[in-house]
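Engineer: Would you be able to build a 3D model of this:
(4 chains)
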Amino acid sequence: MKALREFVDKQKPHFEKGGRFEKLHSTFEAFETFLFVPNTVTHSGAHIRDAIDMKRTMIIVVLALIPPLLFGIWNVGYQHFLSNGMAPDFWPMVGFGLLKVLPVIVVSYVTGLAIEFAFAQSRGHEVNEGFLVSGMLIPLVMPPDVPLWMVAVATAFAVVIGKEVFGGTGMNILNPALTARAFLFFAYPSEMSGDRVWIAEKADAYSGATPLGHLLVLDADKLPSDWSMFLGTIPGSIGETSTIAILLGAIVLIATGIGSFRIMASVVAGGLVMGLLFNLWGANAYMDIPAYQHLIMGGFAFGTVYMATDPVSASQTNRGKLYYGFLIGFIAVLIRVFNPAYPEGMMLAILLMNVFAPLIDHYVLQSNIKKRLKRAKAVTA
Amino acid sequence: MYSNAYIFRYAGLMVILVAAILSSAAMLLKPMQERNEAVDKMQSILSASGIQNVTADNAIELFNDYVVNMVVIDENGNVTDEFKGAGKENSEAFKINLKEQLYNKSVNRGFKLPLYVLEKDGETINIIPLRGVGLWGPVWGNIALKSDFNTVVGVTFGHKSETPGLGAEIETPVFEDQFPGKKIFSEEGNFVSIGVIKGGVENFPADVQRHNVDAISGGTITSNGVNDMLKNVLESYVPYIQKRG
Amino acid sequence: MKVDMSTVTKIKKGLDIKLIGEAEKTIKDLVTDQFAIKPTDFIGVFPKMLVKEGDLVKAGTPLFKDKYRDNIVFTSQVSGRIKEIKRGAKRVLLEIKIEADGKDEAIDFKAEDPKTLDREKVIKKLLDSGVWPFIRQRPYSVIANPADKPKAIFISTFDTAPLAPDYDLIVHGHGEDFQAGIDALGKLTEGKIHLNIDANATHSKVFTNSKGVQINQFSGPHPAGNVGVQINKIDPLNKGEVIWYLYPQDVLAIGRLFLSGKFDATRVIALTGSEVLRPAYYKTKIGAAIEPLTKGNVSATEKRIISGNVLTGTKIDLDSYLGFYPSQVTVIPEGNYYELFGWALPGFDKFSVSRSFPSFLFKNKKYRLDTNYHGGERAFVMTGEFEKVFPFDIYPMQLIKAIMVEDIDLMENLGIYEVDEEDFALCEVIDTSKTNIQEIVRKGLDLMRKEMS
Amino acid sequence: MSTDKQEREPLFSAKNRKLLTNPLNIDNPITVQVLGICSALAVTAKLKPAFVMSLSVIVVITLANLIISVMRNGIPPRIRIIVQLVVIASLVILVDQVLKAFVYDVSKQLSVFVGLIITNCIIMGRLEAFAMGNKPWPSILDGVGNGIGYAWVLVAVGFVRELFGSGTIWGFHVIPEAFYNIGYQNNGFMILPPMALIIVGIIIWIQRSRNPELIEEN
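Structural biologist: Presented below is the predicted three-dimensional model:
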């Protein structure tokens, strides 16, 4: 460790003001702080600081993404062989899945980080850790067969238009990973919808429709069993199928306090309420499916745990988070049932509420402000 | 300051002036505009029957050459009007508003539908214009049938605002080229229309293959729209076809 | 007045940071002849010198006054000679060093029973003797304006900050001084004097038997002992209102002024922190030199000496002096080291409230914390963190952002009058983005003060 | 005094040149004043309609500016907005008729948006802010300048959207078939209206980073 530190210290002057590589300061800083927690000390204010920092936070979210990732890798292989009528052992399935999923992850990280570094460099600020998470989220919401160049284009779009335009991490309005997904959905719909794309190298004869796809044409009787939807052995985006793996991640996020339990709970509540309302209405097969099934189909669980809880694009006040989450669940189910063009209502519901989150916060703040003004008036009266 | 009288005079003069300019412009340009509309419609009819190289300049000429009869039929299959001479763009059949007539059909009112009869390479081709709804807006097209009123010669589709890459695929050759050779009547002679189905037509038995084409993956609702449009419009012609024997 | 034992204000949000190095409950005498007054201790004061180097002074001799409020004077705490007037960049006055002559001479301001005096006389005596600066006001936490009529006076008798001194111990045996101080303060307001005690830990009769006050009980974690929180719960500040506040040793100084007629700057200091070998209480005077206090009593590591507690104190050098207000000195290790992959390792010995380190499993572990930031400064990304340690009915993140964009109206609407930088200290500690929040809040308060005057 | 012959301002004096060039960049109606966005979204999916629309706007704005400037001394102030509207509306109807007669396929794509030129704030804005108070020649220049300022943004957006959305420029395929064979696809998002907004946004972004004086103080 000492030798490494000495090496880094030796290089450092080149990247500082007046050094040869002054322009690459942000890049150097990113690598240095990746290796070492810096030696900066407090100068005023609180002299001691909590051990947590942005890197720690982000790495824990990545950790929470591991269960759906691992399951997704296996499931990509499993679905592929299933569609081809084969039933190989565990490892060939994982092997096939790795072959499909790893390149997507690599492309997502390389593209995103390259852009992040470039922007940090040109603006002269530090590289933000946010993309550690976005870079993993993007592959998990992609269909297994997505062309790699599309992943790159979508990632670039998400980082530049979804984030840097607004001034970088912390300023963005939309969740970057969902922006990438939405971009692909609208730009290359044939690769992001239908029943061809959800199984990698699917045999033609095999129906590859997702549960939402079946419901879209009101084939409720073709739905897989609750158990397989909960377990995740169904076609779908790489990381979104397994509710149980996502629940494991949710436990990590809630236990560490990094993911907002408030938001997760209220999204689920919103989804259930809308589902039950539809049950009461019951005009078609889609409205009649039990409300809880909405939670285990499509991207509902994944969106609830990893996307809706993104602190930057969500509501920031505790009360606002409740409204925000509830509306996401509510609107997601509404879109699913009512808009046949968009089987995945979760993505759109979250993006929509991302836009409205500041407004929700505004009204929450206003009520606090009103309370204060009222108190002041009561005194003077 | 301007007096009220001035203002009224000013406004009155302006209105008259503007009205004169606009109406004379409209009168001057009207023939060209009408011609353009007719040409547009003709191009799409001709291309459904597989006639190549139709341009805006020769469309009227070609149309009059190829088309031998402009027929109007009513809900009972009776021919109410025929037009065989020159200047077919002035025929009643050409001017029928399809949307209006199909609406009349949907509310069980009487309706009139056009049928265009072409002669191409010694063969008779019957063209039926189509109109229906997709996911986001109207879809339309023309279907060309052989003289047996059963075998499809060709189709063209159009749409206003279907999703690019999904529903919008109906106007690409990939989708349209599936139609030639399909039949709209079963071997027993019952009307079945042409279906747009999911799951790969070639995986189905021959009698299904005879009447169906592949839907567009991810364009389910638009595909269903095309399916319904074909059924709805074609069945309106069944009385006429059956009367012809 | 009676103690209403039934109503205890429970503070639920907050955090007790447990550190190694609590002071042993014995009071030792600390002998030194080196003292100083640091004008930088007084927020918003522009000092105008009244003495020069070499002058002889007594306890109570005016050293400087505030240029803009020239009835507020700052007096010498000992008798002796002005040794040095130290200035910094742009001739900012840093320290007025006084070498004590050991004669303990003092100017006589006359011993009087405050109960027999009217408000004007009490104020004049406090101002002349240099005791007035002990009385501070909210909003802004600056020295109170003698022309104001505060709606109440708040005295917090307990401190919940890490390793905080125990005021029960400090005031023990000084009941008479304390009551005299309360009597004097009673003349200053038509409202109440709120004496706030810890429902579980305050037992001293000095506090509980005080007369002429309303005793309020509080319980809960830090910042329950902050006067800002107490005001917020008992009698919240509205725009245009002023509350004055003091701490127990300040009240003692006022009491002694009226009982003896002299400015007696005696102060008991808790010497605390993991780097102190024998943490204990020391009796000395305001502004005493640090060196005799720490000599032979601290570890050999590189350390940070803080006048005050680790949350809000001021960093001082080994050759510096105690501050005017704090009753505590804390010594902790400097954190200027690199840590390989520190953010990725499990980190069993790391302190964190986030539960992203395993330390949350050991609730009662005491830590030896250093001054490392443990990360780099980033944009505000995480939300809902501050709310866990911020017991006000105020949206902390939104208020901070309003200050950062200098939106005066929004700051006012979101309640900036009710808070002080120290109320945000815990937010700053736990902040993932490593922002210097107290600095921002101070800037906001200064801006408001400028706008409002 | 009166004997001095008032010097005639040259046709393209510095002041007049500014009338023409300012709207192209630092006073651009779309990117700086953010007017006329609606049509920019609607007609820029392909280059051709964007171009025709631009042309129509240039014609309408220039003629309207000229006509109003000529009439400006006789227009009763109380009905001046109505007069302006009548002038614009008449011109737009004329343009619409001409398009229908001569470029029918483009007019089909432009559909209602030619009609919407009437409500385009750029034109009303120029009439009210400039033509009502200036002589015909500067008014023409102002009209042409603003028209072109509107046009270049529309054409730029149309170019990008058609190239990436349909793989064509002016209807001609420019992206080689080989690209499609190796998996390239046209970007359907480009054809949707929001993409026009995003491209306009990017143009604004680039423009502002190059002209710091455009960034508002806040």
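Engineer: give me the residue from chain C nearest chain B.
Structural biologist: Residue of chain C nearest chain B, by CB to the nearest CB: C:Val381 (35.3 Å). (C-beta placed from N, C-alpha, C; glycine too.)
Engineer: What is the burial count for the nearest residue to that residue once chain neighbours are set aside?
Structural biologist: Closest residue in space to C:Val381, ignoring its immediate chain neighbours: A:Gly170 at 5.1 Å, by CB to CB, 6 or more residues apart in numbering or on different chains. Using other CB atoms under 10 Å in any protein chain shown, A:Gly170 is surrounded by 18 other residues.
Engineer: what kind of secondary structure is A:Gly170 in?
Structural biologist: Assigned with DSSP: H, G, I helix; E, B strand; the rest coil, A:Gly170 falls in the coil class.
Engineer: how close does it get to chain D?
Structural biologist: 18 Å (CB to the nearest CB, to the nearest Å).
Engineer: what do you get for C:Lys125?
Structural biologist: Plainly put, C:Lys125 is 51 Å away from chain D if you go by CB to the nearest CB.
Engineer: you'd agree that residue is in a helix?
Structural biologist: Yes: using three-state DSSP, the assignment for C:Lys125 is a helix.
Engineer: That one touches C:Lys262, doesn't it?
Structural biologist: No: counting by CB atoms under 8 Å, C:Lys125 stays clear of C:Lys262, with 11.5 Å between them.
Engineer: what touches both of these two?
Structural biologist: Common neighbours of C:Lys125 and C:Lys262 (criterion: CB atoms under 8 Å, 6 or more residues apart in numbering or on different chains): C:Phe109.
Engineer: still on that earlier bit, quick one, grab the pLDDT at the residue nearest to C:Val381.
Structural biologist: Looking at A:Gly170, its pLDDT reads 79.
Engineer: Repeat that for the one 4 residues further on.
Structural biologist: As predicted, A:Leu174 sits at a pLDDT of 92.
Engineer: three-state assignment of it?
Structural biologist: Relying on three-state DSSP, one would call A:Leu174 coil.
Engineer: so what does the helix ranked longest in chain B touch, helix or strand wise?
Structural biologist: Longest helix in chain B, counting residues (DSSP state H): helix B:4-48. On a contact count with 3 or more CB pairs under 8 Å, 6 or more residues apart in numbering or on different chains; DSSP states H and E, helix B:4-48 meets helix B:59-66, strand B:123-133, strand B:138-146, strand B:152-159, helix D:80-102, helix D:104-110.
Engineer: cutoff 6 Å now
Structural biologist: Counting contacts by 3 or more CB pairs under 6 Å, 6 or more residues apart in numbering or on different chains; DSSP states H and E, helix B:4-48 packs against helix B:59-66, strand B:138-146, strand B:152-159, helix D:80-102.
Engineer: Going by mean pLDDT, which of those comes out lowest?
Structural biologist: When the helices and strands packed on helix B:4-48 are ranked by mean pLDDT, helix B:59-66 comes last with a mean of 86.
Engineer: Can you point out the buried residues in that helix?
Structural biologist: Across helix B:59-66, burial judged by 16 or more other CB atoms under 10 Å in any protein chain shown covers B:59-60, B:62-63, B:66.
Engineer: now it against strand B:123-133, angle please.
Structural biologist: In terms of direction (axes from the mean of the first three to the mean of the last three CA atoms, to 10 degrees), helix B:59-66 departs from strand B:123-133 by 130 degrees.
Engineer: What are the contacting residues of helix B:59-66?
Structural biologist: Residues from elsewhere that reach helix B:59-66, judged by CB atoms under 6 Å, 6 or more residues apart in numbering or on different chains: B:39, B:42-43, B:54, B:86, B:88, B:118.
Engineer: buried residues in the helix or strand immediately after that helix in the chain?
Structural biologist: Sequence-wise, the next helix or strand downstream of helix B:59-66 (DSSP states H and E) is strand B:67-74. Neighbour-count burial for strand B:67-74 flags B:67, B:69-74 (criterion: 16+ other CB under 10 Å).
Engineer: now stretch C:351-362
Structural biologist: Neighbour-count burial for stretch C:351-362 flags C:351-357, C:359-360 (criterion: 16+ other CB under 10 Å).
Engineer: How about stretch A:351-368?
Structural biologist: A:351-354, A:356-357, A:360-361, A:364-365, A:368.
Engineer: same question, stretch C:9-26
Structural biologist: C:9, C:11, C:13-15, C:17, C:19-23.
Engineer: Closest one of these to A:Asn175?
Structural biologist: C:Lys13 (28.7 Å; CB to CB).
Engineer: how much space is there between that closest one and C:Glu387?
Structural biologist: Relative to C:Glu387, C:Lys13 is positioned 7 Å away (CB to CB, to the nearest Å).
Engineer: Report pLDDT for B:Gly217.
Structural biologist: Actually, residue B:217 is Ser. It isn't Gly. 77.
Engineer: So what's the residue count around it?
Structural biologist: Around B:Ser217 there are 17 residues (other CB under 10 Å).
Engineer: That one in helix, strand or coil?
Structural biologist: Relying on three-state DSSP, one would call B:Ser217 coil.
Engineer: Quick one, grab the pLDDT at the nearest residue to it once chain neighbours are set aside.
Structural biologist: Spatial nearest neighbour of B:Ser217, excluding adjacent residues (CB to CB, 6+ apart): A:Gly194 at 3.5 Å. Looking at A:Gly194, its pLDDT is 75.
Engineer: where does A:Gly194 fall, phi/psi-wise?
Structural biologist: Backbone torsions for A:Gly194, taken as degrees, to the nearest 10, come to phi 90, psi -170.
Engineer: how much space between whichever residue of the stretch 151-300 of chain A sits closest to chain D and chain B?
Structural biologist: Chain D sits closest to A:Ala187 of the stretch 151-300 of chain A, with a gap of 3.5 Å, by CB to the nearest CB. Look at A:Ala187 and chain B: by CB to the nearest CB, they are 8 Å apart.
Engineer: you'd agree that residue is up against D:Gly188?
Structural biologist: Yes: if you go by CB atoms under 6 Å, A:Ala187 and D:Gly188 touch, sitting 5.3 Å apart.
Engineer: Stretch A:246-254 and chain C, are they touching?
Structural biologist: No: applying CB under 6 Å from any CB of the partner chain, one finds stretch A:246-254 separated from chain C by no less than 9.6 Å.
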